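Participant: build me a structure from this.
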Amino acid sequence: MKNKKEIFAGIIIIGNEILSGRTQDTNTSTLSIWLNSLGIKVQEVRTIPDIEKTIINTVNELRKKYDYIFTTGGIGPTHDDITASSISKAFNLSYGPHKEAMGILEKYYKPGEFNEGRQKMAYMPTEANLILNPTSGAPGFNVENVFCLPGVPSILKSMLGEITNKLIGGDPILSHTINLRTVESEIASSLSDVQKDNKEVEIGSYPFFRAGKLGVAIVLRCSKKNKIDKCNLEILQFVKEKNIEIVERD
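Facilitator: Coordinates of the predicted model:
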C-alpha cells in the first residue's frame with residue numbers, strides 16, 4: 001500500500017491578551033492533539049497581536065508554506081476583533097455581512113437581542129465557508145486552506161468536529177513514552193545514536209521532577225507503529241545496559 005503524503009499545518013494564535021499573559025493559551029495543545037489524530041503534523045505556531053498588518057502578513061506567509069492554517073481569536077463582537085476583516089484583506093475578498101451567518105444568528109438570539117455588536121460576528125469574507133458553532137451560535141469560517149476559529153477554548157473545541165471532514169490527513173501520528181529515572185546528560189549520546197538509526201521517528205527528551213526526584217520522559221512519534229516499536233527496543237537495550245530505572249508517571 002502506498003504511503004500517504006505528509007500533511008503539515010500552521011497555527012496562528014491571535015490576541016493581545018495572550019501576549020500580555022492575562023490569558024493562557026490552551027488552544028495550541030487542543031489543535032495539535034486533534035490534528036495529530038488526523039495525520040496532520042503541526043510545523044509552526046505563532047502568537048501575534050491584534051494588528052491588521054501583522055495578521056495579514058502572517059496569514060499570507062504561512063498559508064503558502066503549509067497545507068492548512070488555523071487561526072484562533074479575534075472573531076468576536078468587540079472593536080479589537082479584527083481577524084475576519086484582516087483575512088478578507090489577505091485574500092483580497094469582500095468583507096461584510098455573510099448572508100448564511102446572519103440567518104443563523106438571527107435565529108439563535110431572541111427578538112431584539114441581535115444587536116449591532118452581535119451582528120458583527122456575522123461579518124467576514126462574504127463568500128467564506130462557515131464552520132458551525134454548536135455552543136454559542138456565532139460561526140467560524142474558512143477561506144481556501146485557512147480556518148478561523150474563536151479564541152474561547154471550550155467553544156473552539158466544540159467546533160472541531162465540524163471541520164474534520166473538510167480536511168485531508170495523512171496517516172495518524174502515533175506516540176509512545178518511556179519514563180526514566182535519569183538525567184539527560186546520561187542518555188544524550190546513546191539517544192543520539194538511536195536517532196541516527198531511526199530517522200523517520202521523531203525522538204523528544206523532556207526532563208521532569210516528581211516526588212523530589214529527577215527523571216526524563218523520552219517521547220517517540222511516528223506514523224508507523226513498526227518504526228516506533230524498533231526504536232523503543234533500541235532505547236530499552238541501552239537503558240538496560242546502563243542499569244537505568246524505568247518509572248511510571250502520572
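Participant: quick one: Thr54 and Ile48, what's the gap?
Facilitator: Thr54 is 5 Å from Ile48, where distance means Cβ to Cβ, to the nearest Å. Heads up, the C-betas are built off the backbone N, CA and C, glycines and all.
Participant: wait, Lys110
Facilitator: In terms of Cβ to Cβ, Lys110 sits 36 Å off from Ile48.
Participant: quick one: pLDDT of the most centrally placed residue in the chain?
Facilitator: By Cα atoms, centre = their mean, the chain has its centre lying nearest to Leu31, at 3.1 Å. Confidence at Leu31, expressed as pLDDT, is 97.
Participant: hmm, Ile11 and it touching each other?
Facilitator: Yes: here Leu31 reaches Ile11: they are 5.6 Å apart, a contact under Cβ atoms under 8 Å.
Participant: residues that sit against both of the two, list them.
Facilitator: Residues touching both Leu31 and Ile11 (Cβ atoms under 8 Å, 6 or more residues apart in numbering): 42, 70, 72.
Participant: and of those, the nearest to Lys242?
Facilitator: Val42 (33.0 Å; Cβ to Cβ).
Participant: each with direction, which strands does the strand or helix carrying the closest one pair with?
Facilitator: Using DSSP states H and E, Val42 sits within strand 40-48. Here strand 40-48 has these sheet partners by DSSP bridges: strand 7-14 (parallel).
Participant: so where is this structure shaky, pLDDT-wise?
Facilitator: 1-4, 249-250 (pLDDT under 70).
Participant: got the domain ranges for this protein?
Facilitator: Domain assignment for the chain, taken from automatic domain parsing, gives 7-164, 174-246.
Participant: would you map the helices across the protein?
Facilitator: 16-19, 27-37, 52-65, 83-90, 99-108, 116-119, 153-164, 184-197, 225-241 (DSSP state H).
Participant: which ones are touching Ser86?
Facilitator: 52, 55-56, 59, 74.
Participant: same question, Ile163
Facilitator: 131, 142, 147.
Participant: just those residues: which are in strands?
Facilitator: Judged by DSSP state E, the subset of the contacts of Ile163 located in strands is 131, 142, 147.
Participant: is it true that the second one touches Leu132?
Facilitator: No: at 11.6 Å, Asn142 and Leu132 do not qualify as touching, with contact defined as Cβ under 8 Å.
Participant: neighbour count: the two, which is higher?
Facilitator: Taking neighbours as other Cβ atoms under 10 Å, Asn142 and Leu132 compare with Asn142 leading, 21 against 16.
Participant: which residue sits closest to Pro172 in space, ignoring its chain neighbours?
Facilitator: Gly39 (4.8 Å; Cβ to Cβ, 6 or more residues apart in numbering).
Participant: show me the beta-bridge partners of Lys41.
Facilitator: Here Lys41, judged by DSSP bridges, has bridge partners Phe8.
Participant: thank you, goodbye.
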